[in-house]
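S.K.: Got a predicted structure here, sequence first:
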Amino acid sequence: MPRITNSMPSDPSSVADPPAGLDPSRLDIETRQLTLEDLVSRARDGEMDFVTAAGPAAPWSVVENSLLIESILIRVPLPAFYIDAGDEDRWTVIDGNRRLTAICAFVLDKAFALNGLEYLTELEGQGHDDLARALKRRLGETQATVELIKPGTPTAIRYNMFRRINPRRTAQEVREAVFRGPVTTLIDAVADGPSCRAAIGTEEAWPALREAVLRFLAFFAIAHPPSFEPPLEAFLNRAMEGLNDDSLDGMLLRHLLGQRLDAAMNAAAALFDGAAFRAPESAGAGAGDFNPALFEIWSVVLARLDAGETDRLLARREEVIKAFTELLHDQDFAAATAPGTDDPASVLARFSAIHDLVGQFVNA
């Protein structure tokens, strides 16, 4: 069997579970009336995060941005902004990203001139610096209702709040907004790194790939057979929070995880010839869609091999691929790796299947 022990300094999933029932009374929200200048100044000083990566909505066009500025200038009330102020020195916009992005692009970046206006047509073609002083003042002094989620609100409740307000965002996008920190940087580096891209052989798996990387980070620390407290979404949240540890041990852990996953991706690229973590579309067809469950199990198992075991596995590549192809047609394995199948029994079944398959070749 491949080695399943590791010398991880800590378990990133060990952050205590929140209560199963989220108590709304623990959601601490303060309603403030702030000016747009207050919000813009935070963005200018690097004290405001805008969650835009892999978002479901495309950026607004110049005309849409211009109509927003026009609405402000003719005193149309703005909808409320929802902001996570868990870090008092660095707010994260939960709802209102595109509006604030457009305002900052106009005021700070001078990124566009007004175009397509319906009422203030005399301002066509003007940028922020071209506006009369009275209009600049009106823009900056416009009042905005801001709902601030205050420090001390439990992370699980902040996560739940973010998901409710942004129902079209994926769970991973929400995690990366709520648990911003060193682990997000690690996921960036791995998911967009050359070894990972070489293993997958495409740019198309980006949204699902980021969560798949987090799955590796969470499961690698758990000895085989893997066991976790469901649901998987909460397990991954705990792992992401734990991996933001800024101590020396936390930095060493993230460095080790990055090294192990890089080695696993290099092995996967060689083993699957640039089409890893995909089930065949049909007999004789090319590779199908990226499967996060296959990434999860193969990355962990490959990362636990030493150099000699990896060499022995790759030396028998054709036999490994044949055995894996047969496994993909096994009904139980197919069910355990189907999209959205994340109960503990299915996770155990798919890990055990790949663990045993690899063991046949590295220990022979």
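M.R.: That came through fine.

S.K.: looking at it, residue 224 is touching residue 355, isn't it?
M.R.: Yes - contact criterion CB atoms under 8 Å: residue 224 and residue 355 qualify, at 5.7 Å. (Each C-beta comes from the backbone N, C-alpha and C, glycine too.)

S.K.: Okay, and residue 66 sits in which element?
M.R.: Residue 66 is part of helix 62-73, with elements assigned from DSSP states H and E.

S.K.: what sits up against that helix?
M.R.: 36, 60, 78, 99, 102-103, 105-106, 112-120, 123, 135, 138-139, 142 (CB atoms under 8 Å, 6 or more residues apart in numbering).

S.K.: which parts of it are buried?
M.R.: Across helix 62-73, burial judged by 16 or more other CB atoms under 10 Å covers 65-73.

S.K.: Check the offset of that helix from the chain's centre.
M.R.: 31 Å (CA atoms, centre = their mean, to the nearest Å).

S.K.: And the average pLDDT for it is what?
M.R.: Average pLDDT, helix 62-73: 97.

S.K.: Do you have the helices of the stretch 151-300 of the chain handy? List them.
M.R.: 155-165, 171-178, 182-191, 194-200, 206-219, 232-242, 248-272, 292-303 (DSSP state H, counting those that start in this stretch).

S.K.: quick check: mean pLDDT across the second one?
M.R.: Going back to what we said before, that points to helix 171-178. pLDDT averaged over helix 171-178 gives 87.

S.K.: mind giving me the domain ranges of the protein?
M.R.: 28-152, 169-362 (automatic domain parsing).

S.K.: what distance separates the start and the end of the longest one?
M.R.: Using CA to CA, to the nearest Å, one end of domain 169-362 lies 41 Å from the other.

S.K.: Listing request: residues of this protein with sub-threshold pLDDT.
M.R.: For the chain, the stretches with pLDDT under 70 are 1-25, 51-58, 202-207, 280-287, 364.

S.K.: and the gap between the most centrally placed residue in the chain and residue 178?
M.R.: When CA atoms, centre = their mean is applied to the chain, the residue found nearest the centroid is residue 172 (3.8 Å). Going from residue 172 to residue 178 by CB to CB, to the nearest Å gives 11 Å.

S.K.: one step back: could you identify which of the helices of the stretch 151-300 of the chain is most buried?
M.R.: helix 292-303 (a mean of 25; mean count of other CB atoms under 10 Å).

S.K.: For that one, name the packing helices and strands.
M.R.: Contact here means 3 or more CB pairs under 8 Å, 6 or more residues apart in numbering; DSSP states H and E; on that basis helix 292-303 packs against helix 206-219, helix 248-272, helix 344-362.

S.K.: Which one of the helices of the stretch 151-300 of the chain lies nearest to residue 48?
M.R.: helix 171-178 (12.6 Å; CB to CB).

S.K.: residues contacting the residue nearest to residue 219 when sequence neighbours are not counted?
M.R.: Nearest non-adjacent residue to residue 219, counting by CB to CB, 6 or more residues apart in numbering: residue 300, 5.1 Å away. Contact analysis of residue 300 by CB under 8 Å, 6+ apart lists 216, 219-220, 264, 351.

S.K.: Quickly note the distance from the residue lying farthest from the centre of the chain to residue 130.
M.R.: Largest separation from the mean C-alpha position in the chain: residue 122, at 43.6 Å (CA atoms, centre = their mean). With distances taken as CB to CB, residue 122 is found 11 Å from residue 130.

S.K.: And residue 211, by the same measure?
M.R.: Applying CB to CB to residue 211 and residue 130 gives a distance of 45 Å.

S.K.: distance of the nearest residue to residue 352 once chain neighbours are set aside from residue 349?
M.R.: Residue nearest to residue 352 in three dimensions, not counting chain neighbours: residue 225, with 6.1 Å by CB to CB, 6+ apart. From residue 225 across to residue 349, the span is 10 Å (CB to CB).
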